[in-house]
Every structure is written in C-alpha cells, then in structure tokens.
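1. sequence first, predicted model second:
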Protein chains: 2
Amino acid sequence: MSDPLVIFTPSGKRGNFPIGTPILEAARELGVYVESVCGGRGICGRCQVAPEFGKFAKHGIESKADAVSEWSPKEIRYTDKRGALKDGRRLSCSATVQGPLVVDIPADAVVNQQTIRKEADSRLIERDPAIQMCYVEVDEPDMHKPLGDLDRLKVKLEQEWGFTDVLVSQHILPNVQKVLRDGNWTATVAIHQDLETSRPTMIALYPGLKNEAYGIACDIGSTTIAMHLSSLLSGNTLASSGTSNPQIRFGEDVMSRVSYVMMNPDGRESMTRAVRDAVNGLIQNVCSEAGIDPNDILDSVFVGNPIMHHLFLGIDPTELGGAPFALAVSGAVHTWASELDLSMNEGTRVYVLPCIAGHVGADAAAATLSEAPHNEDELSLLVDVGTNAEIVLGQTTQTLACSSPTGPAFEGAEISCGQRAAPGAIERVRIDPVSLEPKIRIIGVDLWSDEPGFTEMAKATGVTGICGSGIIEVMAEMFLAGIIDEDGVIDGDKAQVSSRIFEDKRTFSYRLWETEDGPDITVAQTDVRAIQMAKAALYAGVKLLMEKHGSDQVAKIRLAGAFGTFIDPKYALVMGLVPDCEIENVKAVGNAAGTGARMALLNRNHRREIEDTVKNIEKIETALEPKFQEHFVNAMAFPNKVDRFPRLEAEVTLPARKQQAEMADGEAGAARGRRGGAGGGRRRRRA
Amino acid sequence: MSDPLVIFTPSGKRGNFPIGTPILEAARELGVYVESVCGGRGICGRCQVAPEFGKFAKHGIESKADAVSEWSPKEIRYTDKRGALKDGRRLSCSATVQGPLVVDIPADAVVNQQTIRKEADSRLIERDPAIQMCYVEVDEPDMHKPLGDLDRLKVKLEQEWGFTDVLVSQHILPNVQKVLRDGNWTATVAIHQDLETSRPTMIALYPGLKNEAYGIACDIGSTTIAMHLSSLLSGNTLASSGTSNPQIRFGEDVMSRVSYVMMNPDGRESMTRAVRDAVNGLIQNVCSEAGIDPNDILDSVFVGNPIMHHLFLGIDPTELGGAPFALAVSGAVHTWASELDLSMNEGTRVYVLPCIAGHVGADAAAATLSEAPHNEDELSLLVDVGTNAEIVLGQTTQTLACSSPTGPAFEGAEISCGQRAAPGAIERVRIDPVSLEPKIRIIGVDLWSDEPGFTEMAKATGVTGICGSGIIEVMAEMFLAGIIDEDGVIDGDKAQVSSRIFEDKRTFSYRLWETEDGPDITVAQTDVRAIQMAKAALYAGVKLLMEKHGSDQVAKIRLAGAFGTFIDPKYALVMGLVPDCEIENVKAVGNAAGTGARMALLNRNHRREIEDTVKNIEKIETALEPKFQEHFVNAMAFPNKVDRFPRLEAEVTLPARKQQAEMADGEAGAARGRRGGAGGGRRRRRA
C-alpha cells in the first residue's frame, strides 16, 4: 500500500508521506511555509495547523477523523501551560499523518495576547519572512572539546535547523556568553536569510525561548511617512502610525528639495537626518502603541519615491533633478538599520524595494507588488498619485511604467483654497444642478453640511480649505452642474442663476463656502486650469502606455496613493483622470505602496517577485516621447475629448445632467441623455 | 593535432589550450592565481608572468622561443607608459599560447615604485587575497533603460569579472555617482570574497584605475603589538611597526587583566579601547612609513592569545579566567574594521584567525599556519613561548596542541634582576668554566663586555637587568660551569673559587655584573627555581603531547614567539626546555604568529587551511591530565632527568665541561666526557 496522500490548503501542494510523519515535516518537505520557533519541542505553538475532515471532491480525497494522530502529551502540555488552541487546530510538530489528509495552513497563528490592529489593511499576506527564530539547546563548555560558546551554538543551528556557515553580526559576540548562561544553555537565535542561496546571518540572540519577532514596513512619502508594525511570526499588524515628512520645511515638493540640496552644502545631510529622525519617531510610536521593545524589531522594509529613497539612504539626489535622471541605485538595497541610524535592534536588517526608473520609485514598485498588474490576465492600470503620478499598465505578458508630471494640484497645492488633508478640509462636495447650491463634508465631521448638527460640530476646526479629494469632487460637480464647460471655462452666464458665480478680475469664480471670520472658500478659474493641467498630464501618461501596449482600453483600474484613499472612482472617471472602464472595475486601493512594503516584509519571495518584475517592466520616459505633448493637449477638456464615457452616463452623469437638461432643454435634452451617448449629447449641446 | 600543453610553475598545473589563448586565461582556467586589475586591458601590469624556454625533462616538454606570441601593441604601450617589465616578463593578458609552453608565475609583480621593507620576514607567500581589484568601464545613464549607476556598474562586474549577486557596503552608495563621474565612467571596484562560495561584496570604489590595495597583519601580544603592512597586489611587505600593549597598565600578565575586568565595571571597555587605540596608532605608523593613505587598506588579519583576542573584539574574557576556560568564540571571526573602531577604509574587512582552545589562541593558530607541523611527514614540534607556552606537536597524520603554564619567568618577570627586552638588558652571557668570570652582551651594544669600547658604548643605557633570552643563557652557562648542579642548587663550595658566588640569606647567589651606581645584577637561588618551574612546565606539556602521540622523539623543533626570536637553540637544549633533537633541526623562527597572520592576509586559502587544521587538532587540557604533574616534577632538573642529550655533548656541553673536568678530575674526567654519554657522565660524577 502506498503512503497516504497529504494535501495542504490553500496552496494545494500535495505529497505522499509515511504514516507517522509529523505534519510539520510533511509541510517543510513540500515547501509549505509553517512557522516553528522551538524546533518541534511543542513549546512555541507557532506551528499550529487545521486538519480538515470530510470528502474533498475537488482534491479527490477523503480525509477521515482518524487521519491525524491522537492528542499527544506535548500538545496536552502546551494547552495546559499556554491556553487552548483555536478549535480544530493542532501542533503540526506533534500531530502525525495517519491516513489521507487535508491540512489547512491558517493565515494567523496567534499565540500571545496580541492586540491586533483592526483598522490596518486586513489583507492576509502569506508568510515566509527573511527572519527565522530558532530555539536551541546548547552543549555546556567542555575542556576536552574546547569549542567556543558561539561555535557550540552554531553546531546546534546546523544539526537542528540546517543552517550551515552562519555569519554572525559583530554586536552579538560580546553577549554570547551572558545570553547562553542567562538562558541556562538554551537560547533563541534570529537568523536572517533573504535570498535562499545567500549565507544565513545570526542577527540577534535571546536567552531561552523567544517566541516573538517584529518587523516594520514604512512608506516614506514626500508629504507623509506611514509605518506599520507587524509580527513576523503571526503576520498580524499590531500598530500603525503616520507623520508628516519634516523635509517639508526644506521644500514642499520633491523638486524644491533637490534644489535645496543643490544650493546648500549640508542640505542633503540635513534632509537625511530629518527623515531618519521622523522614522525613529514613528518606530517609538508603533512600539509604544503595541507595547513592545524596539529591540525586538528585527526586520524592516522601506519604500519611497526616488528622491525620498535617495535622501533616506543618504544619497545626494541632485542627479534626479535633471536629465538623464540617473538613479544612484535602482536595484533593491540591503543594509542594516544601524547603518542608517535607525533605533531598532543593532542587528535589524533593512530592505528597500527597487526603483523602477528615475521618476518611478520604490513606492511604485511596492504598489505594483500589492496590486500585481503583472499577474493579471486582462490589462490592468495602476495609478499612484502624488506630486508625480506613477503609472503602471500591464498584464502577465507585458508591463509598462511611466511617471507623469501632474504637479501638486491633486494634493491641494497650487489651488487657491487648497490644503493638505487635515481636519476642517472639505473632502466631499455635491452641487445642486438647478440652484447651484453646494453641500459639503469636512474631514473630522461625519455629517453633510445640510444635516442637523453640522454647524455645531464644524466649530471645532472650522472649514479651512479644500483637500485633494475635495478638489476632484468640486470640479466634477461644477462640471456636472454646468458651471464649467468642457473646456474648463467657468460660465459667467451662470451668475444670473446664482450669486455664487461672481466675476473675479477678468474671469469668474465659484463661492463654495462662506466662513464666519475668514475669507470665503472659492474655486477660481486658475484652480480649474491647474486641475486641468494635472489631469491632462495623468491621462496623457496613461494614454502613452496604452499606445505602447497597443491597447485602447483597460479592464481594471486601481487608484493608489494618499489621494487614492479617498477619491471616489466615479469622479475620477467624470473628470477624465483615467480612461473609460466599467465602474465596478475601478477601485481606490488606498496606500498600496504601504501594503506592498508589508508584503515584502512578511514574505521574502515577494522581494524576489518585485525585483524580477521591475527588471522586466518596460520603462517609458514621458519627456522623451513626442506624442506625450499631443495626448496632453487632447486631454485638457472635461472629460477629455479623446475618450468618452458611455457606460458612465447612467451612473453619475445622467442624474445630474438629466435634471439640468430637463430645466434647460425640456424633454428633448432628456431623451438625448437617455440614448446613452453622453459625450455625443454634450458635444451636440455645446455645438 | 591536439592543442599545445601549457605548464605553470611553481604549481605544476597543466592543461592543453588552443593556439591564441591568452596566458592569463589559461592560468585562470587551471586555477592558477594571477592578479589582474584592469581586466585584460593591458594597463595595470599586474598580470606579468615569465615564460620559460628550453627543454624541461621533468615536465617532458620543450618550450621553444616562438611558443609565445610576439610583443603586442598593448605590451609596447604599457612599457612605453609605465616603464619596462623585468627581463623575460610578459603581460599574460596579452601574450598568447603559440606552442607547448612553460610559464613561471613570479611571486612578485611590482609595478609601482614601492619601497620594499628589507628587514621584514622575506618569506614569499603565494597570493590569492580575499580582495580583488576590478577595473570596469561603465555605461553612461540612459533614460530608455533607467538602471541606476550602481546597477550598471554591477552589470559590468558580472560581464567582465564574473561576479554575480554582488552585495554593496552601505557606505559606498552615497558616493557611487560622484566616483563614476569623476572617473569619466571608469572605476575600480574592490571586491571582497573570502569563501569562494559566499556572496562577493563591493567594499570600496575608486574613480578610474586604482592599481594598488593594501592589507595589514597584526599580532596582538600581551606585551607587544606588532603590525605589518603589505601590498595585496604584489605581496610585498611595505612597512612594519610595533608598540607595547597599553593594557599593561591594567595588569602585567593576562590573568591580572582578567582580574581587572572582574573587579572594574568598565574594565573590559577600557582595555578594549586601549588595545584598539594602540592598533590605530600602528596603522598610522605603517601608513606614514610606506607613504600611503589608511583608506587604501582594504583587508586586515588579527591574531592574539585568547584573552587578547576577546578584549580586542570587545568580549568579556572573564570565562577564560577559570575552568572550563570557555571561549566566547573559537572559530574564525569575520567582521568590519568600522565595527571595531579601526581607522581604515570604511569597507575594510577584519579576519581573526580561530582560537585552538581556551589557552591556545589565534596566535598559536597563526604560528601553526606559518610552521605547518600538520604538513610535515616527520613529527614536528612548535613551541610559542609567552606567559603561557603554546605547544603544537604534529605531522600530516595527527596534530595535538596544549598550553602549559610556564608563568612569565621566560619573559624576565618574577626574576630578581629580570626585565623586558629593552636597551641595556643583558641578552647574552658566557661564563668561563675555570675562573667563573662572565662576559655579557647587552641590547643596543654590538660588543661583548670584554671587547674594547664596550664600557664606553654601554654608558648610554647602562646595564639594567637581564631579559628573557639572557636568563636562559645565564642559567645554562651557570650549569655548564658547574655553578648550579642538576637539581638547580647553587653550589656554595664554588665561593672558594670565585667571590662572585656569595651567601645570600640561607642560599647562594651569583653576581653576574657590578653596576656603577645601582645594585649589582645577580642571579639568586629563587631565580633558578623560577626558571626551573617554567622550563619544567614547558617540558611537561611537550612530554604530554608526545605521549598522547605515542612518540618519544621529534624530528624538528621550532621555537616561536618574541622569546623565540632571540633564544639560541643550543641553550634551549642545554636547559632541557625542549626534548632532544638534532641541533640543526632546532630553529628559532621569531614571530611565527605574525608570519601566519601575513599568510592569511595574502591568501584566503590559508584561512581555510588553518580553520580546517584547528578543527582537527586534538586539544589537550594540561589541567585535566594527571600525568602532567608527574612530567613536571621529573623535568625540574638541568637538563631534565627523563631525557638526555647525548648528541649535544659535542656541541656545547663538552668544551666547557671538558675544561672543567680537566681541572677537577684530570684525564679520567676528560675521558668520561669523550665517551659521549654526557648525561651518564654527569650522573656518575654526581653520584
């Protein structure tokens, strides 16, 4: 009789194993990642799995209740000492194969009373971290075999964990003897091995059993720095924190920071110190939120745009300020936290994702890893909007990327009443197409301005300006209400309908909100122009990639970036930020770069994946493409003329346009609207 | 017709290569180490070889004058620009195989006007350093292929030098762009690859062609720290320097330094800082002597006894102060100079040889590497004498090592008129066997005290005491002159022959020298006892190893250590420091540990060799061996009773004894002496 079949889910990996094989061993042999710190001694509880029983037609297997060994003394002792395992879970180091069996590897293997951060991105990331915690029992010193303490430890690492030729961080040496004696000749070694083929390195050493290890994933934006703290053993996110990038004091956008470096001898150094200080502040924040010691952080992943990337690593970004926009390094960077003056364990490693090109950074690489257009069967578009828009278009067969110089308008800069997203900023807008009266929502208040209680609640912050997502909405709503036409001109005739439209020098403005004691919040013609330029740049970049790819439509759009967190995909389509697409296939995915960083933190295979992907991405430099300018000019209109949104009509445009059309043109206009060719309708109306 | 045979000497490696193969390529293919910095461009001159012409019966080959290609334009250009090569030398990157050929790889390949230090150990060490200098021409940035500067550099390293997956030291990143631009897109990369299988690391980067790289080898003794500076490319020693170990202020010997650590909370740190400061001082010395920049030192090797080793690495040596004498680490240590606060290039690596046991350190390992008893066909004994004697006994089949607690008497400590080797110290002694009058030599004066001019020349320093080698000689001469007997007792009857023997408390002393204004320099009974203890301990250690090996004699003896530099092998035999051996096979080899360190610096294969050797050495802990005490007691006599020196009689003992015998016993005694059994003769005389 052949050995019973064992199938692991969700991976589906399968193999035959002799009766009595510990499930952990079977998993390891098949390359299924199961954590274990204690090396099968039944004390860490990390190797828990969930045997599944029943008939699995899909796998062609029946997994019977007696296909797993009975509860072992090790498991009984574990649950006595550490508390019960979740229903149905077993310690895979102890439970053995007794018959054909299906085993589920749970994504979480929580053994401590961890506070799991509910707000954090709840995406489950399959784990295979670069850090492995290895518990060992070391022989005591023996004068007849005078191997050093460290050398006897290495013997066990090889015998029990299979790590040969282990390198040792210098900082461990002075502590080896004390740690081994404090742990009564037991210790837990943190081994770092990023590439499977590279030499494993001992980066930390703890007395006794150390059943936890942490990592941070950090996205260094020009404006905001965001950090997540994760358990490397359970994969859970335990704390998150963010702060504004203190480099802002040297320059609001990246190019002004490059200028600062060029004009100040110690500019690079000051900015490097500023960003590292801020990162250290966030490390303190996440650690105190999770109640852990920063010394227990053993791995870290950083992403950022090319200029943030260079400044963080202490590299002068001047070359990025002009053609040919040469990166000092584009590949992934491996270094030590201590080399970057980061306050974590002395042995903590730093992994920085690769940059794609001089304007398309490690943040775009991380977003690519997270949203994986390169793994899609159909053409997928990823847009990460910051000061520059980083655009990735691809599917399994081909992936392209470029950066488009949108400028900071989408972030609220260079807009007369624009501001960064902060309490008091207008983030949502609706304009009544008949009366042209607006209603708004501001950050920090969960009510629309026409709901009872808004005025009271808004008093705390006041209404201070318009943030990025608010700007998109107000423009789109102004367009839908007919206040601005397809060319972006604020229609002075509308002043007759509402006093909110008023003459302002030689053009017109729209008064969005009256404040009690400050200036009114208005949208000026110049603001509309700034947004037109930004969205035309974005769209031209997308169009260029689509042309290079030889496609005229995309199946899926993902909007990422701080901007992408709040934007309503409908308005992105209305404004013509992105090409036409089924609206249910357009999604705002928030900080995809941060998610990608977490993926690289928790699974070293993701590092290889993105390194390989980046190598294969076709990089398009918009500045070198003559057609970019043509696309740009064509994309200035609302919505741009080169691409219409027939399917969107029913969703968004129609209801607003419809009411307006009914007012203006009577039934004829409404009928045109209902025929579905919204673009055609508008064009005709305009003609 | 088959391809011509090419034979490389001195290795004898051979292979057939097609006509037109560059000699460099043939050497590489056979694993013959030939340096090349410029990658075959004919500009570095490092790859020079010496084709040999004639009939080589030994190799069964005739190497004709036309077996090598004619002078190439590259070689002509090189000699025009850089000066002529040594007679018969060719650039192996350019000269090609044209027929059956013998090629000698010269040990030196000097291309610069290096000052070669004549005094340094002139042993030629075959080179295969862990550092390789690689000149590359890098593609300029290209917006269409936005690889980073570093990444384009890595492409060339792979294409031209075969280094894949190169790691990059963090400190290089910020400078990559400037270096490449300064070198007009040419640069020289220093690659560190110690183990052939480990990932190569880029540790330094220079603009253009950098045709030199240096390394230091340093022996940290308890008393003296010695350093050599070598060219990694030519293998030459360019400068040497030494200094006393500043830790002496914390304790004269290693055990008192351990006590200092145990009793002072910052003791370890103070001593670590002291030794590193001293090392930094020596780095400055050797660099200024050779006229080079410390930043050009790219590799370093350190050795020392276990306690020096631990303190230098910042490890608390307390465990080494008592049983079981546990080393924190016994294997080789790989780290970075910057981790140890050493003032060299930021990327400089540190290699520390393995320790053999808790009392047998990396210095003994280095001496073993240098003297290679493990490679001897006949049994070979290596004794490295410091405060402890480290003893290695072996041959190809088996190697054993132990440490023997000789105490510091051999270094002049615990001897009433003893002192460290310094100007003014008595280092040589002869005693007239009849008159019992001595003559001496002191350090700093090249005359015997009975030669004209000595008194004048000695005035500068005075005669200040007796150093280690002087103590051995005075004891041996006193024994040969009959002033002390076989049991080490100063013979009071000799006071009748010379007033130099005088009663001193209840025993007798010998007045070796009268000083003008200080106390006389005398040898007391307690001094004889101290030396007896020391030499008995040393001999007992040797005897123990010989027993373990199952041998009763050795074919070869090497005396190493500072002590070994000056000791006269004859006196070592007379005193019974070492077992009987043909006197021509006993050699003082000076600082063998320093030579071993230089070997490990210049050839990484020597690192593997000593690591493997140390693993296979059988370590004997004398404290655990009951027979040690027995051997010790038996070895107290002069020369020890368990081992006689028949063959030595004619060399040393006879002439002195003969005169004395003639005086005392007439012809009968002389005849006994001539029979050859000196020991027998003495015993009979004593009975």
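-> Sure thing, it's come through.

2. quick one, what contacts A:Glu126?
-> Taking CB atoms under 8 Å, 6 or more residues apart in numbering or on different chains as the criterion, A:Glu126 is in contact with A:Tyr33, A:Ala107, A:Leu602, A:Asn603. Placement of C-beta: from N, CA and C, glycine included.

3. helix, strand, or coil at it?
-> Following DSSP: H, G, I helix; E, B strand; the rest coil, we place A:Glu126 in the coil state.

4. what's the pLDDT at A:His59?
-> According to the prediction, A:His59 has pLDDT 82.

5. spatially nearest residue to it, not counting backbone neighbours?
-> A:Ile7 (5.1 Å; CB to CB, 6 or more residues apart in numbering or on different chains).

6. count of residues packed around the one you found?
-> Burial measure for A:Ile7: 22 neighbouring residues, criterion other CB atoms under 10 Å in any protein chain shown.

7. for the stretch 451-600 of chain A, which segments count as helices?
-> Remark: helices assigned in the stretch 451-600 of chain A by DSSP state H, counting those that start in this stretch are A:454-458, A:468-480, A:525-549, A:562-566, A:569-575, A:592-602.

8. most neighbours per residue, which of these?
-> helix A:592-602 (a mean of 29; mean count of other CB atoms under 10 Å in any protein chain shown).

9. any idea of the mean pLDDT for that helix?
-> Averaging pLDDT residue by residue across helix A:592-602 gives 95.

10. tell me the first helix or strand C-terminal of that helix.
-> The first helix or strand that comes after helix A:592-602 along the chain, using DSSP states H and E, is helix A:604-616.

11. do that following helix and chain B meet?
-> No: using CB under 8 Å from any CB of the partner chain, no contact is recorded between helix A:604-616 and chain B, whose separation bottoms out at 9.1 Å.

12. give me the sheet partners of the helix or strand just after that helix and which way each runs.
-> Of the helices and strands lying after helix A:604-616 in sequence (DSSP H and E), the nearest is strand A:618-619. Partners of strand A:618-619 in the sheet, by DSSP bridges, are strand A:398-404 (parallel).

13. what's next to the partner strand, contact-wise?
-> When contacts are defined by CB under 8 Å, 6+ apart, strand A:398-404 is touched by residues A:356-357, A:359-360, A:364, A:368, A:373-374, A:388-394, A:537-538, A:540-542, A:544-545, A:548-549, A:613, A:616-622.

14. from chain B, how far out is the residue sitting furthest away from the middle of chain A?
-> Taking CA atoms, centre = their mean as the measure, the residue most remote from the mean C-alpha position of chain A is A:His144, 55.7 Å away. When CB to the nearest CB, to the nearest Å is applied, the distance between A:His144 and chain B equals 7 Å.

15. before we move on, what about A:Val586?
-> 29 Å.

16. wait, what's in contact with that residue?
-> Taking CB under 8 Å, 6+ apart as the definition of contact, the neighbours of A:Val586 are A:Lys556, A:Ile557, A:Leu559, A:Pro569, A:Ala572, A:Leu573, A:Val578.

17. make TSV out of those and add distance to chain B and pLDDT.
-> Formatted as TSV, the contacts of A:Val586 follow (distance: CB to the nearest CB, whole Å; pLDDT from 0 to 100):
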residue	distance to chain B	pLDDT
A:Lys556	26	95
A:Ile557	25	94
A:Leu559	24	91
A:Pro569	30	85
A:Ala572	28	86
A:Leu573	31	86
A:Val578	24	87
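
18. which bits of the stretch 551-687 of chain A sit near chain B?
-> Among all residues of the stretch 551-687 of chain A, those adjacent to chain B (criterion: CB under 8 Å from any CB) are A:Lys619, A:Glu621, A:Ala623, A:Leu624.

19. mind putting those residues into CSV with distance to B:Ala204 and secondary structure?
-> Supplementary listing: those in CSV, determined by distance: CB to CB, whole Å; DSSP: H, G, I helix; E, B strand; the rest coil:
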residue, distance to B:Ala204, secondary structure
A:Lys619, 30, strand
A:Glu621, 32, coil
A:Ala623, 35, helix
A:Leu624, 35, helix
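
20. mind listing what the residue of the stretch 551-687 of chain A found nearest chain B touches?
-> Across the stretch 551-687 of chain A, the shortest distance to chain B (CB to the nearest CB) belongs to A:Glu621, at 4.3 Å. When contacts are counted by CB under 8 Å, 6+ apart, A:Glu621 touches A:Phe325, A:Ala357, A:Gly358, A:His359, A:Cys402, B:Met143, B:His144, B:Pro146.

21. before we move on, what about A:Lys210?
-> Residues near A:Lys210 by CB under 8 Å, 6+ apart: A:Val37, A:Met133, A:Tyr135, A:Thr188, A:Ala190.

22. list only buried entries from the residues you listed.
-> Among the contacts of A:Lys210, the ones that count as buried by 16 or more other CB atoms under 10 Å in any protein chain shown are A:Val37, A:Met133, A:Tyr135, A:Thr188, A:Ala190.

23. of those, which belong to strands?
-> With DSSP state E as the criterion, strands contain A:Met133, A:Tyr135, A:Thr188, A:Ala190 from among the buried ones among the contacts of A:Lys210.

24. report the two of those separated the most.
-> A:Tyr135 and A:Ala190 (10.9 Å; CB to CB).

25. quick one: mean pLDDT over stretch A:365-384.
-> Here stretch A:365-384 scores 95 as its mean pLDDT.

26. for that stretch, buried residues please.
-> Within stretch A:365-384, the residues that qualify as buried are A:365-374, A:376, A:379-384, counting by 16+ other CB under 10 Å.

27. please apply the same query to stretch A:461-468.
-> Of the residues in stretch A:461-468, A:Val463, A:Thr464, A:Gly465, A:Ile466, A:Cys467, A:Gly468 count as buried by neighbour count, 16+ other CB under 10 Å.

28. what does stretch A:129-145 give?
-> For stretch A:129-145, burial by neighbour count (16+ other CB under 10 Å) applies to A:Pro129, A:Ala130, A:Ile131, A:Gln132, A:Met133, A:Cys134, A:Tyr135, A:Val136, A:Val138, A:Pro141, A:Met143.
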